[in-house]
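Undergrad: any chance you could fold what I've pasted below:
(one chain, ligands or ions: 3)
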Amino acid sequence: MDHNKLALPVGTTLDRFIMRKQEDFPYATGELSQLLRDIALAAKIVNREINRSGLIDIAGAYGSQNVQGEDQQKLDVIANIRFIRALRNGGEVCTIISEEDDEMIQTGNNQGKYVVAIDPLDGSSNIDVNVSIGTIFSIYRRVSPTGREGTAADCLQPGTHQVAAGYVIYGSSTMLVYTTGNGVNGFTYEHSLGEFFLSHPDIITPKTGSIYSINEGSSDSFSPGVAAFVQHCKDQQFSARYIGSLVADFHRNLLKGGIYVYPATAKNKSGKLRLMYECNPLAFIVEQAGGKSSNGTRRTMEIEPKIPHERCPFFIGSKELVEKAESFIAKDTEACDHKPAPEPTPKKAVAAK
Ligand SMILES: O=P(O)(O)OC[C@H]1O[C@](O)(COP(=O)(O)O)[C@@H](O)[C@@H]1O
Ligand SMILES: [Mg+2]
Ligand SMILES: [Mg+2]
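TA: Numbering: from 1, shown residues only. Ligands and ions are numbered 1, 2, ... in the order given. All right, here's what the predicted structure looks like:
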């Protein structure tokens, strides 16, 4: 697809951009476009709540835990309610997987053709301290026929089946960045007009970079390969940048070049981040922008999900940096393969009965 054929001027509204891009697909029926608009609407409402979170009583913990055993923040719950309501009212989505809900959410829109996996509020540890946070979403076309509720098979599809994915970053400015498999575009929110405007057309991430993002607080349980890669970044005098909000760390590295890593650690044996609504959507975006994403050995989007809240190690960013990290991780597996087989335990002499 020649992205430049329909290059739209910076300042185009999101609505207009969605409409014009829909024309790329003669058979498009407008449902996906409407779904993207529903997400943008919910993002505007959540943005308003976040901007005034210090003024009104929505700071702090909500008093319950989500399926991951994490304390839900009030804004986690508010954002969850807002996005689910917008997707339900929009009518295009039959089933939702949300970080904040244990089970799949049936919206009642059995005619809906789409399934959404969503992290309503990403970077929860940064909510009350005015640091950038976000929302991450992933969209699939259901595989079961319409007319009834969505199934686990509709929800648990590999990332390669995504029809669209994106994130909203609530930072010094609020941006919506998304892909439908035809490049990545970023829109900045103009509060006074209540509109998202095209500000970052056709985002391409640098092939390499000098920024690495990893929580070194758990470095004592990094695998030798991960530890060696971190040391490599230091030897190269890369800059260490870690905000602690995946969306914000990812967004910076997407624009400037860099790598974000959340490996398996003693505390999080399969990594911390969730495949369906954190890793897959960002992997789709980074690949569309020319970057790369894996679990250290396997392309993130080819991992077959088994459960809605599945976690996986996450390496994402500039292609050459992710490949470099993978080359260090490969040594881990080699080391495992060549580890001498444990000595057979000498058979105990059988005592004369
Ligand atoms: O504090 P840690 O272990 O470094 O984890 C930080 C990571 O966890 C997250 O906060 C997980 O996402 P949620 O806030 O949506 O649960 C990421 O945004 C962030 O990158
Ligand atoms: Mg998250
Ligand atoms: Mg979250």
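
Undergrad: which residues touch the residue lying closest to Y242 once chain neighbours are set aside?
TA: What sits nearest to Y242 in space, not counting adjacent residues and going by C-beta to C-beta, 6 or more residues apart in numbering, is S213, at 5.0 Å. Bear in mind the C-beta positions are built from the backbone N, C-alpha and C, glycine included. Residues near S213 by C-beta atoms under 8 Å, 6 or more residues apart in numbering: 240-243, 249, 252-253, 258-261.

Undergrad: quick one: pLDDT of H338?
TA: pLDDT, H338: 57.

Undergrad: could we number from 3 for the rest of this?
TA: Sure, I'll start counting at 3 from here, so that last one is H340.

Undergrad: list the residues that contact T109.
TA: Per C-beta under 8 Å, 6+ apart, neighbours of T109: 86, 89-90, 95-98.

Undergrad: now, those that are in helices?
TA: By the criterion of DSSP state H, membership of the contacts of T109 in helices covers 86, 89-90.

Undergrad: ok, back up a step: identify the farthest-apart pair in the contacts of T109.
TA: By the measure C-beta to C-beta, I86 and C96 form the most distant pair in the contacts of T109, at 12.8 Å.

Undergrad: neighbour-wise, which of the two wins?
TA: Ranked by neighbour count (other C-beta atoms under 10 Å), I86 and C96 place C96 first, with 29 against 21.

Undergrad: quick one, what contacts the more buried one?
TA: Contacts for C96 (C-beta under 8 Å, 6+ apart) come out as 108-109, 111-117, 144, 148, 151-152, 156.

Undergrad: please repeat the previous calculation with a cut-off of 10 Å.
TA: C96 is in contact with 89, 106-118, 144, 146, 148-153, 156-157, counting by C-beta atoms under 10 Å, 6 or more residues apart in numbering.

Undergrad: A88 too?
TA: 37, 39-48, 95.

Undergrad: also Y264?
TA: Y264 neighbours (C-beta under 10 Å, 6+ apart): 215-217, 220, 248, 251, 270, 273-275, 280-281, 313-318.

Undergrad: how much space between it and F316?
TA: Per C-beta to C-beta, to the nearest Å, Y264 is found 5 Å from F316.

Undergrad: tell me, what's touching the two both at once?
TA: Common contacts of Y264 and F316 (C-beta under 10 Å, 6+ apart): 248, 273-275, 280-281.

Undergrad: pLDDT weak spots in the stretch 3-152 of the chain?
TA: 3-10, 26-29, 58 (pLDDT under 70).

Undergrad: helices of that one, start to end?
TA: Along the stretch 3-152 of the chain, the stretches classed as helices by DSSP state H, counting those that start in this stretch are 16-24, 33-53, 76-92.

Undergrad: rewinding a little: drop anything exposed from the contacts of Y264.
TA: 215-216, 220, 248, 251, 273-275, 280-281, 313-318 (16 or more other C-beta atoms under 10 Å).
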